[in-house]
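Participant: Got a predicted model here, sequence first, then my questions.
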Amino acid sequence: MDYYGCSRTKRRRIKAKAAEHLQMLEDLHAKNQVSSNLECVTELNSQIPSEQWDTQTQACWSESGQESDSGMFFSDSSEELNLDGSAERTNPFNDLKRKLAYWAPNHNISQSALSELLHILVQSELDLPRDPRTLLSTLTTCDVNDIGDGSYYHFRVSNAIISLLSHESDPSTDTLTLCVNIDGLPLFRSSKMELWPILAKIEELPRSNVIIIGLYAGPTKPNSVEDYLYDFIKDLKVVTNEGLHYNGKHYNIALPDAFICDAPARAFLKCTKGHSGYNSCERCTEHGIRMDNKVVFPDLKAPVRTDEQFTDMIDEEHHHGVSPLQELGIGMVSSFVLDCMHLVCLGNVRKLVSLWIKGPLRCRISATTMSIISNHLKSIRKHLPSNFSRKPRFLMEYGQWKATEFRQFLLYMGPAVLQGRLPTRLYNNFMLLSVAMRILLSPALCSEYCDYADKLLKCYVTNFVKIYGSEHVVYNTHNLIHLADDERKFGALDSVSCFPFENYLGTLKRLVRRPQNPLQ
Ligand SMILES: [Zn+2]
């Protein structure tokens with residue numbers, strides 16, 4: 001009975017969703033406001049990571065477009081960016097197909113649920129395919145390159161940028177600079193399969209979407225950074241030399257200004273020692289010392305590293321190879337951002353909370369205090385504006401907190417809920433970090449008060465050593481003293497954080513349906 005009950009409920013839900021979409025389509029037609037084909041194609045780009053989008057769209061461009069300086073064909077007209085051709089554009093069923101093909105992966109609808117929906121719609125005499133693979137134009141083959149134990153697909157820098165430009169209404173700039181993000185993403189709990197996408201944003205279009213340039217899938221991270229980056233570097237050299245034409249305008253593409261990654265990914269890309277190495281600080285030459293089975297960096301006055309010193313490999317202990325990115329001539333020290341999402345939110349704030357809960361007795365808070373703080377956090381939940389993506393959780397659940405929750409705690413809730421509950425010197429130390437980060441993250445405050453924030457962070461680390469002990473000044477804590485340098489180069493740190501990329505990784509992960517051939 002349960003089975004049939006569930007089945008009926010599922011069917012009702014699918015029917016209701018289908019009716020909702022049909023109604024939406026009818027309304028759109030009635031008002032003659034059907035979205036342009038360009039919108040459909042560019043939306044598909046962000047949802048369909050296979051070459052299905054890539055090749056079909058490019059084919060349409062090639063048929064009707066004009067040759068650009070770089071030898072690639074791009075259309076000047078949004079009308080021609082049509083997956084099905086103009087003859088079919090007026091057919092409402094083709095619009096329905098397109099909408100469904102977009103809707104299904106966007107809402108993570110399973111193949112079986114989509115198949116059931118199509119059968120229902122076909123029975124209602126709608127002209128739709130019965131097989132979800134036909135609707136989604138699922139390819140039977142996909143041309144990927146084998147790299148070590150995994151495989152890689154390159155989407156091309158120019159295609160990614162054009163898909164982004166098609167969302168923008170004539171950008172005022174004619175030079176576009178990439179901010180690149182590379183990070184690993186575990187796919188399943190039951191296997192070691194990982195995705196390593198190469199993502200980017202355009203610095204001149206800060207509100208634009210994240211674009212995907214390349215995608216690796218394998219049982220571990222790529223074995224060879226040279227093989228992994230080969231297509232990307234080769235492609236980048238072409239596009240930065242020749243630029244690209246789109247919509248009658250020539251764009252110069254500048255070399256990536258910022259690589260926004262977490263510490264392990266930065267070490268992988270730069271071929272340097274990992275964050276647990278003695279010479280792992282990327283910004284100064286401090287040689288760490290081993291305490292309590294950890295490498296710590298209590299000295300705050302070591303000489304800084306420069307791009308030139310990195311290229312000349314002056315500190316041999318810092319490197320374990322030559323990074324292929326050096327071919328591009330980018331600043332191998334200054335272009336690699338100390339991402340505040342990993343460094344501050346998931347690094348330092350989490351560390352502070354863990355020290356208060358299970359650190360040395362001299363800085364641990366009592367169970368009663370913890371309960372009072374947690375209850376205060378709970379009471380905030382119902383008054384929280386909708387701008388905050390997550391409601392605060394209990395302090396003892398910090399192990400499950402997301403980066404955005406640590407950020408909310410540092411900037412907004414922490415100063416209020418900890419006041420009068422944390423010992424004064426611990427609270428004052430927390431406030432040094434909170435105020436400094438508020439300044440560095442705020443576009444309105446960062447340039448005027450950057451030096452002040454720099455002093456606050458150095459003061460925070462110095463006091464941190466006195467309060468919690470040198471054995472806790474690990475890589476993340478030490479790197480706070482270098483954080484203001486990134487503001488001086490890139491502006492407010494929110495513009496160069498991993499937060500938008502992390503959201504995109506979540507979307508990417510949901511698009512993988514089965515462990516077999518995750519890349520395809
Ligand atoms: Zn350092």
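Facilitator: Done, it's in.
Participant: show me what contacts whatever residue of the stretch 301-450 of the chain ends up closest to the ion?
Facilitator: Here the stretch 301-450 of the chain gets closest to the ion at one residue, Ala302, 6.1 Å apart by CB to the ion. C-beta here means a position set from N, CA and C on the backbone, and glycine is covered the same way. By CB atoms under 8 Å, 6 or more residues apart in numbering, the residues touching Ala302 are 281, 284-287.
Participant: Show the average pLDDT along whichever strand or helix holds Ile161.
Facilitator: Element membership of Ile161, judged by DSSP states H and E, is helix 157-165. Mean pLDDT, helix 157-165: 86.
Participant: Tell me which residues of stretch 457-475 come out buried.
Facilitator: 457-465, 467-469, 471-475 (16 or more other CB atoms under 10 Å).
Participant: and it, how far from the chain's centre?
Facilitator: Distance, stretch centre to chain centre, for stretch 457-475: 30 Å (CA atoms, centre = their mean, to the nearest Å).
Participant: quick one: is it near the ion?
Facilitator: No. Using CB under 5 Å from the ion, stretch 457-475 never reaches the ion; the gap is at least 8.9 Å.
Participant: Let me see the ranges of the helices in the stretch 151-300 of the chain.
Facilitator: 157-165, 225-242, 263-270 (DSSP state H, counting those that start in this stretch).
Participant: show me what contacts the closest residue to Glu226 other than its chain neighbours?
Facilitator: Spatial nearest neighbour of Glu226, excluding adjacent residues (CB to CB, 6 or more residues apart in numbering): Pro324 at 5.0 Å. The contact partners of Pro324, taken as CB under 8 Å, 6+ apart, are 225-226, 229-230, 233.
Participant: Can you list the buried residues in the strand of greatest length in the chain?
Facilitator: Using DSSP state E, we find that the single longest strand of the chain is strand 249-261. Neighbour-count burial for strand 249-261 flags 251, 253, 256-261 (criterion: 16+ other CB under 10 Å).
Participant: which of those residues lies closest to Ser276?
Facilitator: Nearest to Ser276 among these is Cys261, at 16.7 Å by CB to CB.
Participant: Next, give phi and psi for the residue nearest to Glu226.
Facilitator: Dihedral pair for Pro324: phi -60, psi -20, per degrees, to the nearest 10.
Participant: gap between it and Lys351?
Facilitator: 33 Å (CB to CB, to the nearest Å).
Participant: what about Ser191, how many neighbours?
Facilitator: 11 (other CB atoms under 10 Å).
Participant: measure it to the ion for me?
Facilitator: 37 Å (CB to the ion, to the nearest Å).
Participant: Could you verify my assumption that Tyr460 touches Met431?
Facilitator: No. Using CB atoms under 8 Å, Tyr460 is not in contact with Met431; the gap is 9.1 Å.
Participant: what does the domain assignment say about this structure?
Facilitator: Segmentation of the chain into domains, based on automatic domain parsing, reads 2-135, 145-333, 340-496.
Participant: rank the ones you listed by mean pLDDT and give me the bottom one.
Facilitator: Note on these: domain 2-135 shows the lowest mean pLDDT, a mean of 54.
Participant: just to revisit the earlier point, is there a quick ChimeraX command that grabs whichever of the contacts of Ala302 are buried?
Facilitator: Here is the ChimeraX command that selects the buried residues among the contacts of Ala302 (16+ other CB under 10 Å):
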select :281,284,286,287
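Participant: The contacts of Ala302: which ones sit near the ion?
Facilitator: 281, 284.
Participant: Give the bridge partners for the nearest residue to Gly243 once chain neighbours are set aside, please.
Facilitator: Spatially, and ignoring its direct neighbours in sequence, Gly243 is nearest to Asn252 (4.8 Å; CB to CB, 6+ apart). Beta-bridge pairing for Asn252 (DSSP bridges): Thr175.
Participant: Wait, Asn252 touches Thr177, no?
Facilitator: No. Using CB under 8 Å, Asn252 makes no contact with Thr177, being 9.4 Å away.
Participant: just to revisit the earlier point, and the residue of the stretch 301-450 of the chain closest to the ion, how close does it get to Phe188?
Facilitator: Distance, Ala302 to Phe188, using CB to CB: 42 Å.
Participant: same thing with Asp146?
Facilitator: Counting by CB to CB, the gap from Asp146 to Phe188 is 21 Å.
Participant: Next: Asp292.
Facilitator: 34 Å.
Participant: what about these two, which has more around it?
Facilitator: Just comparing Asp292 and Phe188: by other CB under 10 Å the higher neighbour count belongs to Phe188, 13 against 10.
Participant: and Phe388, how many neighbours?
Facilitator: If you count neighbours by other CB under 10 Å, Phe388 ends up with 16.
Participant: Just give the nearest non-adjacent residue to it, would you?
Facilitator: Nearest to Phe388 is Gln408, by CB to CB, 6+ apart, at 5.9 Å.
Participant: So which elements touch the helix or strand hosting that neighbour?
Facilitator: In this structure, Gln408 sits in helix 403-408 according to DSSP H and E. Contacts defined by 3 or more CB pairs under 8 Å, 6 or more residues apart in numbering; DSSP states H and E place helix 403-408 against helix 499-511.
Participant: which other helices and strands contact the helix it packs on?
Facilitator: Against helix 499-511 (3+ CB pairs under 8 Å, 6+ apart) you get helix 37-47, strand 185-186, strand 194-202, helix 403-408.
Participant: If you count neighbours, what's buried in that helix?
Facilitator: Counting neighbours by 16+ other CB under 10 Å, helix 499-511 gives 500-502, 504-505, 508 as buried.
Participant: Ok, stretch 171-180 next?
Facilitator: 171, 176-180.
Participant: from the residues you listed, which single one is nearest Val238?
Facilitator: Distances from Val238 to the buried residues of stretch 171-180, taken by CB to CB, are shortest for Leu178, at 13.8 Å.
Participant: Could you verify my assumption that that closest one touches Leu199?
Facilitator: No. Leu178 is beyond contact range of Leu199, at 9.9 Å (criterion: CB under 8 Å).
Participant: Quick one: end-to-end distance for stretch 374-391.
Facilitator: The first and final residues of stretch 374-391 sit 12 Å from each other (CA to CA, to the nearest Å).
Participant: and what of stretch 167-187?
Facilitator: Note: stretch 167-187 ends 29 Å apart using CA to CA.
Participant: So which bits of the stretch 201-350 of the chain are right by the ion?
Facilitator: Within the stretch 201-350 of the chain, the positions lying close to the ion (CB under 5 Å from the ion) are 281, 283-284.
Participant: Start from the N-terminal end of the stretch 301-450 of the chain and give the helices.
Facilitator: Using DSSP H, counting those that start in this stretch, the helices of the stretch 301-450 of the chain run over 307-311, 340, 350-358, 367-380, 403-408, 414-417, 424-441, 446-468.
Participant: In TSV, list these along with distance to Met193.
Facilitator: Formatted as TSV, the helices of the stretch 301-450 of the chain follow (distance: least, CB to CB, whole Å):
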stretch	distance to Met193
helix 307-311	33
helix 340	29
helix 350-358	26
helix 367-380	36
helix 403-408	23
helix 414-417	37
helix 424-441	34
helix 446-468	38
